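> only geometry, no sequence info:
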């Protein structure tokens, strides 16, 4: 089993519900166990600024899937959620990024691990720091230190939804 960290984001449709459904889908992957998920965060758009704010989260999995198998599973979950890749950094129904897998460094045409732009993205660092503040990302640094240097302006942790009684 290998620990794998996944970033989740959405800003079209019902982003909160799409992220919660995606977490459930992650928990159902073969050879995989969901260990934890972060709170949800509302964050400003990144890249293309003329779009709705995002809801973001992170999940920690324990998995027997190889990196490319896990990537393919994430892409399939996105597709089931109606993801259309029309514009780089544009709006989306669901975005799942494989951020890091313990003990894995990889750089090929499909996947780079750890994700090369984690340090630039408060919307990734905020939820990731909840799960693993002391995680050291090779070539980037410790998550808590990366978050301390990030611009978190406009980012807001959302209250957890209450279960109906």
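Yep, it's here. Quick caveat, the model's predicted, so the values are computed rather than measured.

> low-confidence ranges, the protein, go.
For the chain, the stretches with pLDDT under 70 are 85-87, 89-90, 161-165.

> need the strands for it, in chain order.
With DSSP state E, the ranges of strands along the chain come out as 2-10, 32-37, 41-43, 54-63, 95-101, 106-107, 112-113, 136-137, 141-142, 156-157.

> nearest to residue 124, of these?
strand 2-10 (4.9 Å; C-beta to C-beta). Every residue, glycine included, has its C-beta placed from N, CA and C.

> paired strands for that closest one, with orientation please.
The pairing partners recorded for strand 2-10 under DSSP bridges are strand 54-63 (antiparallel), strand 95-101 (antiparallel).

> between the ones you listed, which one is closest to residue 72.
strand 95-101 (10.3 Å).

> ok, residues contacting that closest one?
2-10, 22, 58, 67, 70-71, 74-75, 77-78, 83, 111, 113-115, 118, 124, 128, 135, 137 (C-beta atoms under 8 Å, 6 or more residues apart in numbering).

> where do the helices of the protein begin and end?
Shown for the chain, the helices assigned by DSSP state H span residues 15-27, 67-80, 122-131, 143-148.

> can you pull the buried residues of the shortest one?
Which is helix 143-148. 143, 145-147 (16 or more other C-beta atoms under 10 Å).

> give me the contact list for it.
118-119, 122, 125-126, 128-129, 132-137, 140.

> check stretch 38-47 too.
11, 16, 19, 51-59, 88-90, 121-123, 126-128, 130-131, 153-158, 160.
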